[in-house]
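Trainee: Output the structure for:
(chains A and B)
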Protein chains: 2
Amino acid sequence: MSTTERHTLARKMVTFMRDEIPLAQTMDLALHDCDEGRLSLAAPLGPNINDKGCAFGGSLVSVMTLNGWGLVELELRMRGIECDVFVGESTVRYLEPVWGDFLSEAQLAEGADWVTFFDTLDARGRARVEVACRVPGTGEKPAATLEARFVAKKRSPDAV
Amino acid sequence: MSTTERHTLARKMVTFMRDEIPLAQTMDLALHDCDEGRLSLAAPLGPNINDKGCAFGGSLVSVMTLNGWGLVELELRMRGIECDVFVGESTVRYLEPVWGDFLSEAQLAEGADWVTFFDTLDARGRARVEVACRVPGTGEKPAATLEARFVAKKRSPDAV
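Mentor: Just a heads-up that it's a prediction; the model follows:
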C-alpha cells in the first residue's frame, strides 16, 4: 500500500475517532504524520490544559492511548480486517510538564512484531500486541511515555 | 474537621477541577462521596463514550487520575497547606467494559500513610504518596484500576 493510501486511511481514522469519541473531539485531536511502523497525533494545549497551565495528565494519557489504539487500528484497516481493538493494561510515566501544543508518537514496543500479531489473529480470531507511545519533551528525553497492551478481536462470525 | 466541612471542601475542589481543567468539565465530573480516607467521583457515560458504546479508556484513566489527585489535594486543603500536586507514574488495568454511568473510588495504596506523607512534606517541602483507584464493575471485581504515585510540592517560599 502506498504512502498516500496510508495517509488517507489515517486521516479517515482520526476523523472516525473525533466523530465517535466525544473526548477526542474536545481534545482537538489531529493526525500529525504516519509512515510504516509509526503514527503520530497532535493536540493543542488550550482544551487540554490543567490548573497549573500545563497539559493535563489525563489528556496526555488519553492522546497516547488513542495513538496506540490508532497504530493497531490503522494496520488492521490497511489489511481490510474488521476488529474491535481494546486497550488492556498500560503504564504511564509523566516525566516533565508540557507547556504548549504537543505531539504523541506511537510504534510497536521492543520485541513486538506485526507478523506474530497477524498470524495469531488469523489462527485464533484474537491477538494482542504491545505498543510504546511518547510525548516528545523539550530535550532528548520524552515528556511522557505510555506502554500499553492492545487486544484485537475479529468481528467476523467465525471469530473465536 | 467535621464530615460536613470535608464535604464542603470536596465540593469546592471538584468545582475547581471543572473550572480549571476543560476536560473535567467535558467529562461532567461530579463529587459522589467522601469520608476519612476515601474520595469517590462520578461521571455519566454520554460524554465519555467510545466507538463501541462503552466508556472510553481515556475517560476512565482521566477520571481515576483526577480522583487520585483529588484524594491528595483534599487532605492538603483540609490542613490549609498549599501545594502543587503532580501525578508521577501510573499503572492502569482495564478489566471489563463499562456500559453505563460510572464511579471512581480512591484511597491510599496498601502500605502508604498520611503521617509519613505529611512528616516528609513538613521536613522537605515535597513528598510522594501512592494512591489506588478503581472503577467498580458489575460484579465483585473492578472494571478498571489505577495505581499512581503523586508528588506534592509546597508553594511557600521556603519550599525545597
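
Trainee: my guess is residue A:22 meets residue B:49, correct?
Mentor: Yes - here residue A:22 reaches residue B:49: they are 6.6 Å apart, a contact under Cβ atoms under 8 Å. In short, each C-beta sits where N, CA and C put it, glycine included.

Trainee: shared neighbours of those two, anything?
Mentor: The contact sets of residue A:22 and residue B:49 do not overlap (Cβ atoms under 8 Å, 6 or more residues apart in numbering or on different chains).

Trainee: what about chain A, any weak spots by pLDDT?
Mentor: A:1, A:156-160 (pLDDT under 70).

Trainee: so the residue positioned nearest the centre of chain A, which of the three states?
Mentor: Residue closest to the mean C-alpha point of chain A, counted by Cα atoms, centre = their mean, is residue A:67 at 1.7 Å. Counting by DSSP: H, G, I helix; E, B strand; the rest coil, the backbone at residue A:67 sits in helix.

Trainee: Spit out the contact partners of it.
Mentor: A:39-41, A:104-106, A:133 are the contacts of residue A:67 under Cβ under 8 Å, 6+ apart.

Trainee: Try it again at 10 Å.
Mentor: A:29, A:32, A:39-41, A:43, A:103-107, A:131, A:133-135, A:146, A:148 (Cβ atoms under 10 Å, 6 or more residues apart in numbering or on different chains).

Trainee: Give me the buried subset of those residues.
Mentor: Neighbour counting by 16 or more other Cβ atoms under 10 Å in any protein chain shown classes A:29, A:32, A:39-41, A:43, A:103-107, A:131, A:133-135, A:146, A:148 among these as buried.

Trainee: which of those residues are close to chain B?
Mentor: A:146, A:148 (Cβ under 10 Å from any Cβ of the partner chain).

Trainee: out of the buried ones among the contacts of residue A:67, which are inside helices?
Mentor: Judged by DSSP state H, helices contain none of the buried ones among the contacts of residue A:67.

Trainee: I figured residue A:33 was touching residue A:103, is that so?
Mentor: Yes - counting by Cβ atoms under 10 Å, residue A:33 touches residue A:103, with 8.7 Å between them.

Trainee: what do those two both touch?
Mentor: A:40-42.

Trainee: Count the residues that sit near residue A:33.
Mentor: Look at residue A:33: counted by other Cβ atoms under 10 Å in any protein chain shown, it has 13 neighbours.

Trainee: Show me what counts as buried in stretch A:68-88.
Mentor: Buried, per 16+ other Cβ under 10 Å, within stretch A:68-88: A:68-77, A:83, A:85-87.

Trainee: Correct me if wrong: residue A:46 contacts residue A:56.
Mentor: No - using Cβ under 10 Å, residue A:46 makes no contact with residue A:56, being 11.2 Å away.

Trainee: Now the common contact residues for those two.
Mentor: Common neighbours of residue A:46 and residue A:56 (Cβ under 10 Å, 6+ apart) are A:27, B:22.

Trainee: Output stretch A:86-94 as CSV - backbone C-alpha positions only.
Mentor: Output of stretch A:86-94 as CSV, limited to C-alpha atoms (Å, rounded to 0.1, in the frame of the first residue of the first chain):
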residue,chain,number,x,y,z
PHE,A,86,-9.3,-2.7,23.2
VAL,A,87,-6.6,-1.3,25.5
GLY,A,88,-5.8,-3.9,28.2
GLU,A,89,-3.1,-2.6,30.5
SER,A,90,-0.8,0.4,30.4
THR,A,91,2.0,2.0,32.3
VAL,A,92,2.2,5.8,32.1
ARG,A,93,5.2,8.0,33.1
TYR,A,94,4.9,11.7,33.4
